[in-house]
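K.L.:
Coordinates for the following, if possible.
(one chain, ligands or ions: 1)
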Amino acid sequence: MRSKLPKSNTTIFATMSDLAKRCNAINLSQGFPNYSSQPKLFDLVNRYMHEGFNQYAPLNGVETLRQVIAQKIGKLYQRKIDIDKEICITAGATQAVYTAIQMMVHPGDEVIIFDPAFDIYAPAVKMAGGKIVRIPTHYPNFDIDWDRVNDAINSKTQLIIINSPNNPTGKTLSPDDILALELIVKQNDLFILSDEVYEHMVFDGRKHHSILSSSILYNRSIVTFSFGKTFHNTGWKVGYAVGPDYLMSEFKKLHQFIVFSVNTPVQYALADYLLEEKHYNHLSEDYQTKRDQFLDLLQDTRFRFLPTNGTYFQLLDYAEISNLSDMEFAIELTQKHGIATIPLSPFYEKPTEQKLIRVCFAKTPDVLIAAAEKLCKI
Ligand code: GLN
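P.N.:
Numbers count the residues shown, from 1 in each chain. Sure, this is the predicted structure:
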């Protein structure tokens, strides 16, 4: 059979989590917390299952969940959303991203992404027959060079994919970035896909600048979110996409043939749980505390770092420690030192010279302390 993704292997996240398991290593690689959602959320799911909410949900999602999401968007991003036309609940943000790309990208279209880029965008574009155009951003600031973006845009450019807070760099878009993007959207006939799954993890007094807050951008965008990131249940695979009616109606045409609809009792439970702001408005503070505790513990290591701006990821530069490639170094760390991380190369088209690994600090203090002890010995 002819492969649709001849150059793709198993993702680095699955590979490193698997290696961590085999080596009995502390797993700071794949991004997931080692703690769970609150029992209250489990009780709600349980209750809705027992009450008989177990058949197909509407294809765009349970109405009460769409209502609560719209309220949240109104409050946080000052946008009024039509719950019947502008939201679709998805099987995680990955499915939302995939569906949006299949819907927007036609064979021959060009799609701009920024390196290092989360690994799901390029394969989805390839599956749609599109061409990826990669614009590099550089350590340590990872700023987007908007002049380069303007230079890259041509009549074939269909989509720009942005991801803020960014996985893996932790970079967050600034108001100036939003202005630059608005100018691009005004001057060119293209669309934006904005992956904002780490919206509630933004540090040091920064604010999350959502595409949803800009009318100019919103009218050309689909924005994706994730409950797994927000409520510590990445395995539940529930997220959502938001966008203007004319885009979301096309999105839903594809969505119905990809998954039709998403886990019903979980959606009802999430609706009740999301109603209370206290279930998510402390996250930035909590994760900043974790980041700071972990980085304090790493002060005496030979790793270099700039505190991450957002997400639950931190980049570490190991140039003073080893000349190995990032892939070799990450494997050696796991096998010899019992600590699994993610090398940065898989976020680029080709392996890079940079000596960077990514760690996930969404872990309980005991794990962060044990991990830091190991890293201090290297
Ligand atoms: N988003 C997570 C990460 O960046 C994991 C994604 C995955 O395993 N597909 O590590």
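K.L.:
can you pull out the strands in the stretch 151-300 of the chain?
P.N.:
Remark: strands assigned in the stretch 151-300 of the chain by DSSP state E, counting those that start in this stretch are 157-163, 191-195, 221-226, 239-242.
K.L.:
Just the C-alphas of the first one, formatted as CSV.
P.N.:
If I follow you right, that is strand 157-163. The C-alpha coordinates for strand 157-163 follow below in CSV (Å, rounded to 0.1, in the frame of the first residue of the first chain):
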residue,chain,number,x,y,z
THR,A,157,-1.3,30.9,0.9
GLN,A,158,-4.6,29.6,2.4
LEU,A,159,-3.9,29.3,6.1
ILE,A,160,-1.6,30.5,8.9
ILE,A,161,-1.4,28.2,12.0
ILE,A,162,-0.6,29.9,15.2
ASN,A,163,-0.3,28.3,18.7
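K.L.:
do that strand and the ligand meet?
P.N.:
No: Strand 157-163 lies out of reach of the ligand by C-beta under 6 Å from any ligand atom, never closer than 10.6 Å. Heads up, the C-betas are built off the backbone N, CA and C, glycines and all.
K.L.:
which residue does the stretch 101-250 of the chain bring closest to the ligand?
P.N.:
Using C-beta to the nearest ligand atom, the closest approach of the stretch 101-250 of the chain to the ligand is made by Asn167 at 4.9 Å.
K.L.:
Now for the closest residue to that residue other than its chain neighbours, how many residues are close by?
P.N.:
Closest residue in space to Asn167, ignoring its immediate chain neighbours: Phe118 at 4.8 Å, by C-beta to C-beta, 6 or more residues apart in numbering. The local packing of Phe118 (other C-beta atoms under 10 Å) involves 19 other residues.
K.L.:
hang on, Phe118 in a helix?
P.N.:
No: Phe118 is assigned coil when assessed by DSSP: H, G, I helix; E, B strand; the rest coil, not a helix.
K.L.:
what residues are up against it?
P.N.:
For Phe118, the contacting residues are 163, 166-168, 195, 347, taking C-beta atoms under 8 Å, 6 or more residues apart in numbering as the criterion.
K.L.:
Need the phi and psi values for it.
P.N.:
The phi/psi pair for Phe118 (degrees, to the nearest 10) reads phi -50, psi 150.
K.L.:
I'd like to know how far the closest residue to the ligand within the stretch 201-350 of the chain sits from Thr15.
P.N.:
Residue nearest to the ligand within the stretch 201-350 of the chain: Ile342 (6.5 Å; C-beta to the nearest ligand atom). Ile342 sits 9 Å away from Thr15, going by C-beta to C-beta, to the nearest Å.
K.L.:
out of these two, which sits in the busier spot?
P.N.:
More crowded of Ile342 and Thr15, by other C-beta under 10 Å: Ile342, with 27 against 19.
K.L.:
May I have the beta-bridge partners of the more buried one?
P.N.:
Arg358 (DSSP bridges).
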